[in-house]
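**Student:** Need a 3D model of the following:
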Amino acid sequence: MSAVPSYDAVFDILCLLPLKSACRFRCVSKGWCDLISSPVFAAAHKSHHGPLLVDAGSFQEEEPDGGRDMRLLDIKGNIVRVIRGVGGYGMTCNTSLDDLICVNGAACGGVNVVDPATGKVLLSCPQVEIIEHHSFPYASQRYYITFGFGRAMPSSEYKLVRFVADQGRSCEIFTLGDGRGWRLTQPSPVKICHERGSPIVIDGVMYVFQDQRLHNDDTLLCFDLESEQWKAGALQGPLNVVDGENTGTIGIRLTELNGALCIVQSVFNRLLDPFTNIWILDNSDKRSWSKAHTITMAPSACRYMPLWMMSDGGKLLLHCSFDKGCDKNRNHKGWSLVLQIYDPLTETCTDILGTPDDLAGRIGLCSFGFDHSACQKLVN
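**Tutor:** Numbers count the residues shown, from 1 in each chain. Take a look at the predicted model:
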């Protein structure tokens, strides 16, 4: 008579399965369904497989009437779910492993806040707002170019922040679910920079580059989402000292790496191969930076963005963009985006096989709970 596997053995085996397969096994029995739906199992499964990747829209999509599709992928690049019509051109930021996703370049031209468990759009903010004047039929437009999204602490309220283009300091905020709508908040102490991607929220604080006075200026402004106030004093980035290594910097971006604020510096120096520096903010004092990695880039690369530090020897999951060059008529053929694994021990990057070849925009991260409705959506 064969032995019945123990609860611990079943738990461990299910944790090793891909997300979609694990969700399918909830129909085996009520016990398995309860196990797979538990927060303990969700946390254990994530520790084995990491978060889900969010691809907001593919290059092959034109401008479909129903909106661009969003795809959720596992860490190995396999598509585990497609959510129709809620995508865009990329993530507003590849922010924290929260339950909600903020998508940039949605059908409204602005941003959508999406619940990946249900596929519902919880908030849609157009990029252009018509402001009527008393001198009808004339109207003026307000144009929003930068959005930030994250959770306030300790309230855990989700808030969307938007900045008015050309006004520099004007700032408005929206709290999901409170019914108050958009409202003006404290303006930024100086103009913010609109050309370096979206702000990043870490532990309830939103970080955004100030308007760049110098090409390599990496000074950050800090906005507390809970109090809705700008913090006194700016945070100086790691590139304030111009030296030989910083010469050739053509790109600076903010991101988050496993809960830490990160500045990504792309350097193209004629005397060296192009490379990417990844700087991490010290979580203890929130003021000092350390250079975590220097990654040599392929000659045709234009940007490497870290997504996740894996438990496997500190390897990095990277989102890399490459220039396809020009055709025989000198027409630019566009960009290709791939997922790669960087191994700091060998200092090499390896493509993740099986990744969709039509990735577009900026790849992000999200968590995905094992509740019944989420599992049902995933396996259908």
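**Student:** Could you say which helix or strand holds the nearest residue to Gln229 once chain neighbours are set aside?
**Tutor:** In space, and not counting its chain neighbours, Gln229 is closest to Gln186: 5.5 Å by C-beta to C-beta, 6 or more residues apart in numbering. Glycine gets a C-beta too; all of them are placed from N, C-alpha and C. Using DSSP states H and E, Gln186 maps to neither a helix nor a strand.
**Student:** and Gln186, how many residues sit next to it?
**Tutor:** Other residues within reach of Gln186, judged by other C-beta atoms under 10 Å, total 14.
**Student:** Just the strands from the stretch 51-200 of the chain, written as ranges.
**Tutor:** Along the stretch 51-200 of the chain, the segments classed as strands by DSSP state E, counting those that start in this stretch run 52-55, 70-73, 79-83, 90-91, 101-104, 111-115, 120-125, 128-132, 139-151, 158-164, 171-175, 183-184, 200-202.
**Student:** Am I right that Ser311 falls within a strand?
**Tutor:** No: secondary structure of Ser311 (DSSP: H, G, I helix; E, B strand; the rest coil): coil, not part of a strand.
**Student:** Do a quick rundown of the helices in the stretch 251-380 of the chain.
**Tutor:** Counting by DSSP state H, counting those that start in this stretch, the stretch 251-380 of the chain has helices at residues 372-379.
**Student:** Pass me the low-pLDDT residue ranges in it, would you?
**Tutor:** Scanning the stretch 251-380 of the chain with the threshold set as pLDDT under 70 gives 332-334, 360-362, 368-380.
**Student:** Please repeat the previous calculation with a cut-off of 90.
**Tutor:** In the predicted model, the stretch 251-380 of the chain carries pLDDT under 90 at residues 251-253, 256-259, 266-274, 282-288, 298-303, 307-314, 319-339, 352-380.
**Student:** just the strands in it please.
**Tutor:** According to DSSP E, counting those that start in this stretch, the strands that the stretch 251-380 of the chain contains are 260-267, 275-281, 289-296, 301-309, 316-323, 335-343, 348-351, 364-366.
**Student:** a markdown table for those, including mean neighbour count and distance to Gln229?
**Tutor:** Output for the strands of the stretch 251-380 of the chain, formatted as a markdown table (neighbours: other C-beta atoms under 10 Å; distance: least, C-beta to C-beta, whole Å):
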| stretch | mean neighbour count | distance to Gln229 |
| --- | --- | --- |
| strand 260-267 | 21 | 19 |
| strand 275-281 | 21 | 20 |
| strand 289-296 | 16 | 24 |
| strand 301-309 | 21 | 30 |
| strand 316-323 | 21 | 33 |
| strand 335-343 | 19 | 37 |
| strand 348-351 | 14 | 41 |
| strand 364-366 | 23 | 27 |
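**Student:** As JSON lines, the ones you listed with distance to Gly85 would be great.
**Tutor:** Converted to JSON lines, the strands of the stretch 251-380 of the chain look like this (distance: least, C-beta to C-beta, whole Å):
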{"stretch": "strand 260-267", "distance to Gly85": "31"}
{"stretch": "strand 275-281", "distance to Gly85": "34"}
{"stretch": "strand 289-296", "distance to Gly85": "36"}
{"stretch": "strand 301-309", "distance to Gly85": "25"}
{"stretch": "strand 316-323", "distance to Gly85": "23"}
{"stretch": "strand 335-343", "distance to Gly85": "22"}
{"stretch": "strand 348-351", "distance to Gly85": "30"}
{"stretch": "strand 364-366", "distance to Gly85": "18"}
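**Student:** looking at those, which is closest to Asp115?
**Tutor:** Across those, the minimum distance to Asp115, taken as C-beta to C-beta, is reached by strand 364-366, at 10.0 Å.
**Student:** Spell out which residues make up each domain of this protein.
**Tutor:** Here the chain is described, according to automatic domain parsing, as comprising the domains 1-49, 50-379.
**Student:** what's the most buried one of those domains?
**Tutor:** With neighbours taken as mean count of other C-beta atoms under 10 Å, the domains of the chain reach their highest mean count in domain 50-379, at a mean of 17.
**Student:** Can you get me the centre-to-centre distance for that domain and its chain?
**Tutor:** Distance, stretch centre to chain centre, for domain 50-379: 4 Å (C-alpha atoms, centre = their mean, to the nearest Å).
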